[in-house]
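J.: Just need the structure, nothing else, for what follows:
(4 chains)
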4 protein chains.
Amino acid sequence: MSTYPQTRIPVAVLGATGMVGQRFIELLQDHPWFELVALAASERHGGRPYREVTSWRLSGSEMPASAAALPVVACTPDALSGIKIAFSALPGEIAGDIELALAQAGVAVFSNAKNYRMEHDVPLLIPEVNADHISAIVQQRKERNWSGCIVTNANCCATPLVMALKPLQQAFGLRKVLVTTMQAISGAGYPGLPSYDILDNVIPYIGGEEEKLEIETLKMLGSWQEGRGFTDAPLVVSAHCNRVATREGHLECASIELERDVPPEEVIAAWENYVPESQQLKLPSAPERALVYRTEQDRPQTLRDRDAGHGMTVTLGRLRRCPILGYKFVMLGHNTIRGAAGGSVLNAELCVSKGLV
Amino acid sequence: MSTYPQTRIPVAVLGATGMVGQRFIELLQDHPWFELVALAASERHGGRPYREVTSWRLSGSEMPASAAALPVVACTPDALSGIKIAFSALPGEIAGDIELALAQAGVAVFSNAKNYRMEHDVPLLIPEVNADHISAIVQQRKERNWSGCIVTNANCCATPLVMALKPLQQAFGLRKVLVTTMQAISGAGYPGLPSYDILDNVIPYIGGEEEKLEIETLKMLGSWQEGRGFTDAPLVVSAHCNRVATREGHLECASIELERDVPPEEVIAAWENYVPESQQLKLPSAPERALVYRTEQDRPQTLRDRDAGHGMTVTLGRLRRCPILGYKFVMLGHNTIRGAAGGSVLNAELCVSKGLV
Amino acid sequence: MSTYPQTRIPVAVLGATGMVGQRFIELLQDHPWFELVALAASERHGGRPYREVTSWRLSGSEMPASAAALPVVACTPDALSGIKIAFSALPGEIAGDIELALAQAGVAVFSNAKNYRMEHDVPLLIPEVNADHISAIVQQRKERNWSGCIVTNANCCATPLVMALKPLQQAFGLRKVLVTTMQAISGAGYPGLPSYDILDNVIPYIGGEEEKLEIETLKMLGSWQEGRGFTDAPLVVSAHCNRVATREGHLECASIELERDVPPEEVIAAWENYVPESQQLKLPSAPERALVYRTEQDRPQTLRDRDAGHGMTVTLGRLRRCPILGYKFVMLGHNTIRGAAGGSVLNAELCVSKGLV
Amino acid sequence: MSTYPQTRIPVAVLGATGMVGQRFIELLQDHPWFELVALAASERHGGRPYREVTSWRLSGSEMPASAAALPVVACTPDALSGIKIAFSALPGEIAGDIELALAQAGVAVFSNAKNYRMEHDVPLLIPEVNADHISAIVQQRKERNWSGCIVTNANCCATPLVMALKPLQQAFGLRKVLVTTMQAISGAGYPGLPSYDILDNVIPYIGGEEEKLEIETLKMLGSWQEGRGFTDAPLVVSAHCNRVATREGHLECASIELERDVPPEEVIAAWENYVPESQQLKLPSAPERALVYRTEQDRPQTLRDRDAGHGMTVTLGRLRRCPILGYKFVMLGHNTIRGAAGGSVLNAELCVSKGLV
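T.: The predicted model follows:
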């Protein structure tokens, strides 16, 4: 059962000037359910119009005219009164207090920040993977006495990994995941990575990233039960994270061990036949297909596949035997769309359609 | 016991116009033991001077004057009479027949081509790893009735992997290796990869590369015994090979399972204390240190570490626990020097010092 | 006075497998006036479906399903019978004979090839610049006894230059143009530029490019008169052409001398107020604005502005005094859209709307 | 007449942690005349060893061991007592006061900063171009009552331009220079340009750069006369400055007008025959050839030619007729070596050899 908003819901973007903030604005432009009415960022902008304090950095698009004229206000409940939903692209250092204050003040916060991801009553949500985790919101509100809520989405390389793994976990059981990532520079935000560090280079280290990937995956693939809370999925994840000179799109090579041995074609079939319940809700930001398996031997490729499904589709390929863990394959997700802003918007749509916001 | 040449040995480069051919010429310039006296390539060059048929592509250096004036002759025993050693940068499609003809005619061929790598009596040689495999040359000559010989070096990403693994295999035993590579464009030769395919992209596929990595590693880490020939090392290798937009240097992330559990510091110590016997021979192309372990958390990096030891050192880093296989780490090797031309030259030096050439 | 087609006109793409050929297919997908019914390329494809003989290389899009199933036929009148318009992305080496044969056979050929650009009766056409040059087609048909015709579009860096210059020539007169280009790798076709040649590099030379830029500009900015033919514009152009590591978009820095001195604001106004007659025809591929002047001090930029107007808008910026020639500025055009396939399609639309096809 | 130091002169690097500071340290390692005994930077480093406060960013080299152990002291005369020469890589915002204080305290400052470049008694020095300008030091000391002095080197793209122009100015007279640059990312320092801004992009604007190029060239090509001071060369320069995705090396395309018309071969001959007086001094950092003209039609290229003469040679090519100004050509210089640190060191060597320090 799902509900759809009769009038557009007033929403805000927190951290609106940064790279993920810009993606939010791009995605919320002409959104059928949400009306972007407030942009918030550092107080020092003091209410000046967005266009004056922001250099638009997304290629292939211009700053939406509707956003350009909005004043950039502070990230406070007062400055954001009337807002029902806040999309947060805040850095971890300040996201904690701001998101808390807004949730207390009745705002539903959909956050990219890491701060609340692992809390016992906060969903780490991907609609196609663990839509039932949104029930945690009810407990969250009761226990914390919040009229709003906080819903998080995962690290940008955990998202495509979990989307790829879910159908296999469901069909065959899943024991081990060894994954190596090749992540785009946009994942480091702006100004982020100096060009002198990455042109003609690969950096085999991203602070905190491997830990997030190893932990968040377990929560997302785990279960939620009223009263008992979240239980981690019983599997082991090991990650190698690398930064490469691509603009957008995180490519990942994974070797996995399933609970039972099946022919490789069945693994591919599990992906192709996977239709998450959330798909039936026809959420505005949901791609036609959450997962696409490509049969060419050299796909997915970062450049060619990152924009699949307007950046919301995860592309898979090269499923083959791994002599050590059983199977290996390649996956790709758009890190600032599916792995960040687009993921949050989809999460909000799910919650709205379920009547939770 | 080792011998050193009293006068410089006349050598040739086969496939002299290509990228690895140019590296050979660069490395053989002013070599203390070898005198580059012949350049061979396609017959269509018809003896014209090297400078007229070749565009020098190596950055940071000019075509050596001594090579520039040499005629480019055909890859035949006749055209190469008087040559003792031939360094082969020939493509696989033609290397087989040419190298065979030269070995029969008395030339010691040191080859980058894949054709003879897995033959039962041909060494797949890295002096720091399996110097004893050169004994296969004796059998090779006897069985095949060759006055010359063929010695091969490995695929450009197998080389740093095997160099990293050998000390661990020796110290602790080795069971499993799961490796993901991020390989430079020069590995594809010239013209090789079109720029339109790789700028802002990662390609998760390199034809035949994963297979080579999985097979060659076993031979190189295996044993040679007179009469019995080569025996593969009893381990399993699984590879994911990717092409990234770097000029030179293959970076690899590996997870490994050892035969016994040791503290991570002991693994690092095994690398740091590893002194291969070949190191004592003071071969001209041997780097001061074959392996360097860096302690910074974000090293090795392709750009910063590929030229270590004039491109002959393999750089290691980030040794840490892997929750699945026990240990994980990062390694880097220069693909057209250590992984190709430099490796061949070092192999020739080893054979000369052992009196086999 | 203009006419619009009542039913969609059957069209073909010549050289359909290459980079510009793929752009044609992308742009002709769902075209309101044209129906893509034939794909032609080398005879060796022997009628196999397009999807089997082509690797789709355009990022951000998939091979259109309608094209995928089309057989790839030979570039002959026979194989293309029934075709009214052929869009040619053929290389110069073979374009001459093929385009001639088709024009004789009654096909209107809109060509990117250089072969006929400078012919005395062939328009070198940009609708916003020299729409009146299409009258040459009438003479062309009469003199050559063709039932079809050939219309060409310019070199990919001449196009944005001429579009930028036309309003200034018209308003103030134009004497000298000194232009330096920084051109994208896609301009070299596919496979085109080896990645090893351009990553971390600039190549200050593109064969034949400077000559084309210097000559074609004069023809396009010149006049057509019945009986007298084309007269070159009385100006001098000097070009420096460079290849840089960008995927799409040619950026150009120009210094120009006008016939009379005006304040810089008037130059900008001439661009902003320029409304070519062709704009009133509402051609399907015409951008809302052919020229956009940006006021930011660091625009246009290749990455951010190349897709303006779906790649059909030329973006201008940085108009300022040049102490030598009077004025200097920067311009940018998408080389495979406005500078190639999109330009040809727009040319065809113009000719159709004028009743010439 | 020249003098050479009997014992090595104690020198310091100011701004030692940045990119140009690191180049200074690299170049001063094992310098025959200078002994690097002090490293200075922001006070906050509080005397900690260089290795602890600096991440070495130059590819292909390691932090020199001698520098690694040096304490990083403040940029004050006290902290630098005993120093004879200070090489300044300070940013313009703080260079003014610091260099002044040191010059007053008796230190000879060789600076990359822009602050004093255009002062009436400060040489803007390139030994191969205007060695006689060093006489200004005498006046500088007298007028300002300094026991030390300040000598500057030019903007990183003015340097190769002026070196290319000097022989032509001397041989034929020079009236106009219209130059377009394609500058490497290292020119922006570190962290400098965000990778998200430059990967797959060209930025046609560098703040203040065009002005510097247009002004500094006149001073460097002008004359110095005792009593009268500097007189600008009577020529006009117009610049377009662009940032491209290369690591090192500024490539520039120039069109020039000479005072008299000569065949192009004579222009090339003027470069090839140019032997500046300073060349005879055999300064340690002077390249064998200050200018190299390459005859290949596609050279110089950024990647292939930037390291010529250990980064101290300026490479020229493509001299041909320009239909507007008479001649056009391409030049390339290494921006952080010849255009920055290497230029300063060479300046210091010149002053030492002339007995001025």
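
J.: how about stretch A:61-81: buried residues?
T.: Neighbour counts over stretch A:61-81 (16 or more other CB atoms under 10 Å in any protein chain shown) mark A:63-64, A:67-68, A:70-75, A:77, A:79-80 as buried. For every residue, glycine as well, the C-beta is placed using N, CA and C.

J.: Which stretches in chain A count as strands?
T.: A:9-14, A:34-40, A:72-73, A:85-88, A:108-111, A:149-152, A:174-183, A:223-225, A:229-231, A:236-243, A:250-258, A:291-294, A:314-322, A:326-333 (DSSP state E).

J.: The helix ranked longest in chain A: which residues count as buried?
T.: Secondary structure of chain A per DSSP state H: the longest helix is helix A:158-172. Within helix A:158-172, the residues scored as buried using 16+ other CB under 10 Å are A:158-169, A:171-172.

J.: now do stretch A:127-134
T.: Buried residues in stretch A:127-134, counting neighbours by 16+ other CB under 10 Å, are found at A:127, A:128, A:129, A:130, A:131, A:133, A:134.

J.: if we can go back for a sec, how far away from the center of its chain is the longest helix of chain A?
T.: Distance of helix A:158-172 from its chain centroid, counting by CA atoms, centre = their mean, to the nearest Å, is 15 Å.

J.: in chain A, which spans are helices?
T.: According to DSSP H, the helices that chain A contains are A:19-28, A:50-53, A:65-68, A:92-104, A:127-130, A:136-144, A:158-172, A:195-198, A:209-220, A:264-272, A:302-305, A:342-353.

J.: relative to helix A:342-353, how tilted is the first one?
T.: In this structure, helix A:19-28 runs at an angle of 50 degrees to helix A:342-353, with axes from the mean of the first three to the mean of the last three CA atoms, to 10 degrees as the basis.

J.: Equivalent analysis for the longest one, please.
T.: Between helix A:158-172 and helix A:342-353, the angle comes out at 60 degrees (the same axes, to 10 degrees).

J.: elements contacting helix A:158-172?
T.: Here helix A:158-172 is seen to pack against helix A:127-130, strand A:174-183, helix A:209-220, strand A:250-258, helix A:264-272, strand A:291-294, strand A:314-322, strand A:326-333 when contacts are counted using 3 or more CB pairs under 8 Å, 6 or more residues apart in numbering or on different chains; DSSP states H and E.

J.: Rebuild the ones you listed as a markdown table, extending it with distance to residue D:350.
T.: A markdown table is the format used below for the helices and strands packed on helix A:158-172 (distance: least, CB to CB, whole Å):
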| stretch | distance to residue D:350 |
| --- | --- |
| helix A:127-130 | 68 |
| strand A:174-183 | 48 |
| helix A:209-220 | 50 |
| strand A:250-258 | 52 |
| helix A:264-272 | 69 |
| strand A:291-294 | 63 |
| strand A:314-322 | 60 |
| strand A:326-333 | 56 |
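
J.: I'd like these laid out as CSV, including mean pLDDT.
T.: Listed next are these as CSV, based on pLDDT from 0 to 100:
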stretch, mean pLDDT
helix A:127-130, 98
strand A:174-183, 98
helix A:209-220, 98
strand A:250-258, 98
helix A:264-272, 98
strand A:291-294, 98
strand A:314-322, 98
strand A:326-333, 98
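
J.: close to chain C, is the helix or strand of chain A with the lowest mean pLDDT?
T.: Ranked by mean pLDDT, DSSP states H and E, the weakest helix or strand in chain A is helix A:65-68, scoring a mean of 94. No: on the criterion CB under 8 Å from any CB of the partner chain, helix A:65-68 is out of touch with chain C, staying 13.5 Å away.
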